[in-house]
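Just to be clear, the model below is a prediction. Sequence and coordinates:
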Amino acid sequence: MTAHSDTRPATEEHDGASLIAILEELAGLVTQAKSMPMSASALVNRAEALDLIAAAKAVVPGEIRAADDVLTGAEEVLADARERASRILQEAEEQAERLVSEENVVALANERAEQIIAAAEERAAQLARDANDYCDRQLAQFEIDLDAIAKQVRAGRDRLASLEQPPAG
């Protein structure tokens, strides 16, 4: 366990720490606390526990910002895919117009233009599906991570609450 005898705030001491690591440290503090004789109670250093709770509170907005950044990144990937698909369609239309303008290959140009447009539309649809799949996977992982964090926070709070209750008897 880290001694909190210095005057640094919890957020400085735990800069860069993940919420999970802070909660694990808090659980370790409670687990390793000196037990009261003939009681389920334990002596926990209040300052250490409060420092860890403050650090956890400080980390949560960062975790949320990270999730927002991933979502923004996914939206940028989707926007990029749509832009690329639009360029592909525009290029296909331009190529089709060039082919059509040539007298000897009008029929061939029309057929090829349809193929190019169909391929471009399929590619655009595939890019959009891939971007949506990526977004869904990232959001699912964040949902799992946030659920795990919520369970650990609840368990820590329950444990702290049980430590605050007077012994029965």
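Thanks, I have the structure now. Residues are numbered from 1 along each chain as shown.

Distance of the most centrally placed residue in the chain relative to residue 146?
The chain has residue 67 as the residue nearest its centroid, 3.4 Å off, counting by CA atoms, centre = their mean. Residue 67 is 8 Å from residue 146, where distance means CB to CB, to the nearest Å. In this view, the C-beta of every residue, glycine as well, is placed from N, C-alpha and C.

One more: residue 131?
The gap separating residue 131 from residue 146 is 22 Å, by CB to CB.

Looking at those two, which one has more neighbours?
Neighbour count, other CB atoms under 10 Å: between residue 131 and residue 146, residue 131 has more, with 19 against 15.

The helix or strand where that one lies packs against which elements?
Secondary structure assigned from DSSP states H and E places residue 131 in helix 106-164. Under the contact criterion of 3 or more CB pairs under 8 Å, 6 or more residues apart in numbering; DSSP states H and E, the helices and strands touching helix 106-164 comprise helix 19-31, helix 46-101.

which of the ones you listed sits most buried?
Mean neighbour count, computed with mean count of other CB atoms under 10 Å, is highest for helix 19-31 among those, reaching a mean of 17.

how far is that helix from where the chain is centred?
Offset of helix 19-31 from its chain centre (CA atoms, centre = their mean, to the nearest Å): 21 Å.

next structured bit after that helix?
Scanning forward in sequence from helix 19-31, with DSSP H and E defining helices and strands, the next element found is strand 34-35.

Go ahead and name everything in contact with that following strand.
For strand 34-35, the external contacting residues (CB atoms under 8 Å, 6 or more residues apart in numbering) are 41, 42, 43.

Adding secondary structure and distance to residue 163, write the residues you listed out as TSV.
TSV is the format used below for the contacts of strand 34-35 (DSSP: H, G, I helix; E, B strand; the rest coil; distance: CB to CB, whole Å):
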residue	secondary structure	distance to residue 163
41	coil	6
42	strand	6
43	strand	9
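
Kindly present the residues you listed as JSON lines, with separate columns for neighbour count, distance to residue 127 and pLDDT.
JSON lines is the format used below for those (neighbours: other CB atoms under 10 Å; distance: CB to CB, whole Å; pLDDT from 0 to 100):
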{"residue": "41", "neighbour count": "16", "distance to residue 127": "60", "pLDDT": "83"}
{"residue": "42", "neighbour count": "15", "distance to residue 127": "57", "pLDDT": "81"}
{"residue": "43", "neighbour count": "10", "distance to residue 127": "60", "pLDDT": "85"}
